[in-house]
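Chemist: The sequence and its predicted three-dimensional model are supplied below.
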Amino acid sequence: MDTLESSHGPVSIRLVRAKDARVLQRELLVNRSWLVQWEATLPEGSVGIDMRASIRRLLQQFRDGAGVPFVMEYQGEVVGQLNVWGISRGSLSSATIGYWVSERFAGKGITPTAVALATDLCFATLRLHRVEICIRPENGPSLRVVEKLGFRYEGFRPRYIHINGDWRDHYAFALTREDAPEGVLQRWISGRVPEGMGRVPQEGHRRVT
């Protein structure tokens, strides 16, 4: 399992482990007010935070080939999670990335670096062709992540994911392997991201519900 890891500077990603449950649960509770507005929920009702059970489910999905659950680390400290989920093989060969980071570590470049590292692993190690990220229109920091990394805007998805108690609109962004043959991280840090690639066009803006 531990071969799926990558790092750049002080930022690294690695597969989640059962022993990460305590620190992740603490971070989720401490950052509750920061994260709840972006947290996926169940339409039939919310459930309490049980990180041990969540990690067990995530690792089972990993063994089944359906996802890859990472933790994000900054200078060796666990600061959040990044999940590659919905892995589809065959003619689609794609996956979706979702993530959260502790509020006190926001603004340090951790999330774009971790997303770039994970996307490169998806392309080079998992041999996927396409990676997608879906973001709520109100989530300015995440919109800046996809703009920095040059994820291509692909459309508006009304009432797409159940978050914080209701069905929420999302913008969809994606990259394919051909978009960054040198690697997503290398393209970003070398300043070769195409101008405006990750921006939402004016017609993409809709009324948020």
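Modeler: That came in fine, so what should we check first?
Chemist: doesn't Leu24 make contact with Val78?
Modeler: Yes - taking CB atoms under 8 Å as the definition, Val78 is a contact partner of Leu24 at 6.7 Å. All C-beta spots, glycine's among them, are computed from the backbone N, C-alpha and C.
Chemist: Overlap of the contact sets of those two?
Modeler: Val71 (CB atoms under 8 Å, 6 or more residues apart in numbering).
Chemist: who's more crowded, these two?
Modeler: Between Val78 and Leu24, counting by other CB atoms under 10 Å, Leu24 is the more crowded of the two (22 against 18).
Chemist: Which strand or helix spans that one?
Modeler: Using DSSP states H and E, Leu24 falls within helix 21-30.
Chemist: Quick check: mean pLDDT of that helix?
Modeler: Average pLDDT, helix 21-30: 93.
Chemist: Point out where this protein drops to low pLDDT.
Modeler: 1-2, 45-48, 203-209 (pLDDT under 70).
Chemist: What segments of it are helices?
Modeler: If DSSP state H is used as the criterion, the helices of the chain fall at 21-30, 32-35, 51-63, 110-124, 140-149, 184-189.
Chemist: quick one: buried residues of the last one?
Modeler: Of the residues in helix 184-189, those scored as buried under the neighbour-count criterion (16 or more other CB atoms under 10 Å) are Val184, Leu185, Arg187, Trp188.
Chemist: State the pair within those residues that is farthest apart.
Modeler: Maximum pairwise distance in these, criterion CB to CB, is 7.3 Å, between Leu185 and Arg187.
Chemist: before we move on, back to that, please identify the most buried of the helices of the chain.
Modeler: helix 110-124 (a mean of 23; mean count of other CB atoms under 10 Å).
Chemist: can you list contacts of that helix?
Modeler: Here helix 110-124 makes contact (CB under 8 Å, 6+ apart) with 4, 6-9, 11-13, 68, 70, 72, 74, 79-80, 82, 84, 95, 97, 99, 101, 128-129, 131, 133, 141-142, 145, 148-149, 175, 177, 180, 183-185, 188.
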